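S.K.: Build me a model from this:
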Amino acid sequence: MSLQHRVSVDLNSLVDKTIIVKLVNNRTYTGELSSFEISPLIIALNNAKDSENNLFYKVIINGDIISEILVKSPPLFDVREFASLLEKSLNLRTGDIKLYEEAGFITILDNIKVSENGVEGRGPLAQRINDIFDDYIAKKKKRS
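M.R.: Numbering: from 1, shown residues only. Okay, here's the model as predicted:
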């Protein structure tokens, strides 16, 4: 996986999350990442506040002037971590679970989808996965 692809995956996991963008001129913007482009780098924030406490509905920042992007709290749902947990908890084979890291979800047996928003699917397996998901999120919240 190329560095550009890894950065894209990382930024995708931060969409709708609060980030801090530091600029080369020492200004900062704190806001909700709404979208981004990798090449050339462009970051869009919603409901942003700058280092002078000015509030903005939307800020679009050219990547050439970004020195750092900071995240205060990790995302609760980690696609790889949860897929590994399901494999162990349900004795599933690796091929039974498909990871879509860029999109932030996994599928189980092609008919159950799990993302940070929860479990989509019906039946006893979906209910069992939902129970595991609820426990997983509760434990992650306790740690953060």
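
S.K.: Check which residues of the longest helix along the chain are buried.
M.R.: Looking across the chain with DSSP state H, the single longest helix is helix 124-143. By 16 or more other Cβ atoms under 10 Å, the buried positions in helix 124-143 come out as L125, A126, I129, N130, I132, F133, Y136, K140. For every residue, glycine as well, the C-beta is placed using N, CA and C.

S.K.: packing partners for it?
M.R.: helix 79-90, strand 112-115, strand 118-120 (3 or more Cβ pairs under 8 Å, 6 or more residues apart in numbering; DSSP states H and E).

S.K.: most packed of the ones you listed?
M.R.: Comparing these by mean neighbour count (mean count of other Cβ atoms under 10 Å), strand 112-115 ranks first with a mean of 20.

S.K.: Helix or strand: which one has D16?
M.R.: Here D16 sits in a region with no helix or strand, counting by DSSP states H and E.

S.K.: Quick one: residues contacting it.
M.R.: With contacts taken as Cβ atoms under 8 Å, 6 or more residues apart in numbering, D16 has the following neighbours: E32, L33, S34.

S.K.: For it, grab phi and psi.
M.R.: In this entry, D16 is assigned phi and psi values of phi 70, psi 10 (degrees, to the nearest 10).

S.K.: And it, how close does it get to S51?
M.R.: The span separating D16 from S51 equals 23 Å under the rule Cβ to Cβ, to the nearest Å.
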